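Novice: Below are the sequence and a predicted model for it; my questions follow.
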Amino acid sequence: MTARRKQYVRHIARWAATIAFVLAPVPRVVADELFRGKTVTIYVGTPIAGGYDLYGRLLSRHIGRHLPGNPTVIVSNMPGGSGVNCANFMYAVAPKDGTALGILIQTMGEEQALGTEGVRFDVAKFNWVGRITSNVEMAYVWHTSPTKTIADATKRETILASAGPASIIYPLLLNQMIGTRFKLVRGYQGTQNTHLAMQRGEVEGTTSSVNTVKTTTDWLTGGEINVLVQYAPQRHAAIPNVPAVAELPATAEDRALLAFLTRASAIGRSFVAPPGIAPEPLAALRTAFDATMRDPEFVADIRQLRAEFDPLPGAELQRLFEQGELSDANRERVKAARAAH
């Protein structure tokens with residue numbers, strides 16, 4: 001081999017070694033220190049004992065095993081402002097080192113689009129970590145209510161308790177669109193309190209999710225409630241005999257508005273990290289989340305709780321915020337409905 005040939009081979013070898021070093025994964029000892037000795041907090045935008053709280057605590061029991069350094073994971077409930085307070089905190093105040101995760105109410109994107117008072121976040125700028133399940137909201141009444149179907153709700157005033165954005169705006173829009181006569185009683189904190197109010201006879205029904213009712217009661221199969229309508233593009237398998245809101249008589253403008261609002265069902269029980277988090281902890285959070293979704297112990301926990309399970313990686317959640325816009329006319333309709341009640 002000539003001297004020039006040997007020099008060329010040595011050059012190629014050094015170049016290959018350099019490339020291999022650059023592309024090599026972070027040494028395990030460095031990765032393991034990312035969360036070692038730290039506490040990761042999952043912030044929940046609702047009170048204890050609701051559906052969001054259930055999923056937040058479920059994730060907290062398992063994700064720590066999959067995070068580098070196996071940190072302690074705790075849950076902190078941050079109710080208020082119909083979920084806006086927690087979203088604002090996650091956006092601007094929560095630490096950006098990977099130790100803060102939030103499970104936000106699924107309608108936060110809609111609240112931003114509507115210009116809801118107090119909103120100080122941009123959902124597209126959150127770092128979406130992953131979704132445990134999609135989620136379908138539904139309106140339902142206690143079995144003693146004379147209202148048994150959505151058609152009955154157009155014939156008589158039906159009193160519903162509200163505890164969050166979906167439980168306010170959906171019934172009000174149906175009043176506009178198809179002539180239901182829902183009357184809302186506001187101020188309840190969380191689904192647990194609206195359920196107690198329904199059982200005590202303070203109200204006839206409420207709006208909550210299939211997830212929440214399935215995991216906290218036996219009402220869907222026991223006959224304690226009558227489900228009037230489900231706020232989704234198509235019927236959920238758990239309530240196949242209940243009409244989806246997309247099936248109701250509606251104008252083209254109504255259908256566009258409902259399509260925008262029911263997008264929230266695809267967000268479901270999703271987790272975010274704050275904007276501005278560094279790439280390494282974000283990648284670790286997403287990898288750990290995906291690993292948790294495959295963890296046999298986590299899946300067993302899901303089954304034992306009878307919880308819905310329809311996971312989606314964080315990177316794919318971003319696309320959900322690029323689907324459709326709210327027209328100015330429909331934005332004003334929603335604002336007017338809220339103001340009139």
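Specialist: Right, received. Where do you want to start?
Novice: quick one: the strands in the stretch 51-200 of the chain?
Specialist: Along the stretch 51-200 of the chain, counting by DSSP state E, counting those that start in this stretch, strands occupy 72-77, 100-103, 127-133, 137-142, 158-161, 182-185.
Novice: outside of the longest one, which residues touch it?
Specialist: Right, the one you point to is strand 127-133. Around strand 127-133, the neighbours that count as contacts under Cβ atoms under 8 Å, 6 or more residues apart in numbering are 55, 58-59, 101, 211, 267-275, 277, 282, 285-286, 289-290, 293, 307-315, 317-318. In this view, the C-beta of every residue, glycine as well, is placed from N, C-alpha and C.
Novice: List buried residues within those residues.
Specialist: 55, 58-59, 101, 211, 267-275, 277, 282, 285-286, 289-290, 293, 307-308, 311-312, 314, 317 (16 or more other Cβ atoms under 10 Å).
Novice: any idea of the mean pLDDT for stretch 251-260?
Specialist: Per-residue pLDDT values across stretch 251-260 average out to 82.
Novice: how near is the nearest residue to Lys155 once chain neighbours are set aside to Ala151?
Specialist: Among residues not flanking Lys155 along the chain, Arg181 sits closest, at 7.6 Å (Cβ to Cβ, 6 or more residues apart in numbering). From Arg181 across to Ala151, the span is 12 Å (Cβ to Cβ, to the nearest Å).
Novice: Have a look at the protein and report the helix or strand with the lowest mean pLDDT.
Specialist: Using mean pLDDT, DSSP states H and E, helix 3-23 stands out as the lowest-scoring helix or strand of the chain, at a mean of 41.
Novice: which intervals of the stretch 51-200 of the chain have sub-threshold pLDDT?
Specialist: 165-166 (pLDDT under 70).
Novice: just so I have it, where are all the helices in it?
Specialist: 51-60, 84-92, 108-113, 165-178, 191-200 (DSSP state H, counting those that start in this stretch).
Novice: The nearest residue to Gln318 once chain neighbours are set aside: neighbour count?
Specialist: With sequence-adjacent residues excluded and distances taken as Cβ to Cβ, 6+ apart, Gln318 is closest to Trp128, at 5.9 Å. By other Cβ atoms under 10 Å, the residues close to Trp128 number 25.
Novice: right, and the helix or strand after the host helix or strand of Arg303?
Specialist: Element membership for Arg303 (DSSP states H and E) is helix 296-305. Downstream of helix 296-305, the first helix or strand assigned by DSSP H and E is strand 312-313.
Novice: Give me the contact list for that next one.
Specialist: Residues from elsewhere that reach strand 312-313, judged by Cβ under 8 Å, 6+ apart: Gly130, Arg131, Ser134, Ser270, Arg286, Phe289, Asp290.
Novice: Adding distance to Pro146, write the residues you listed out as CSV.
Specialist: Formatted as CSV, the contacts of strand 312-313 follow (distance: Cβ to Cβ, whole Å):
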residue, distance to Pro146
Gly130, 43
Arg131, 38
Ser134, 33
Ser270, 38
Arg286, 49
Phe289, 46
Asp290, 48
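Novice: Would you mind checking which of those residues is nearest to Gly115?
Specialist: In terms of Cβ to Cβ, no member of the contacts of strand 312-313 lies closer to Gly115 than Ser270, at 22.3 Å.
Novice: Can you give the domain ranges for the chain?
Specialist: Annotated domains of the chain cover 30-134+268-322, 137-264 [automatic domain parsing].
Novice: Quick check: beta-bridge partners of the residue nearest to Gln318?
Specialist: In this entry, Trp128 is beta-bridged to Val272, by DSSP bridges.
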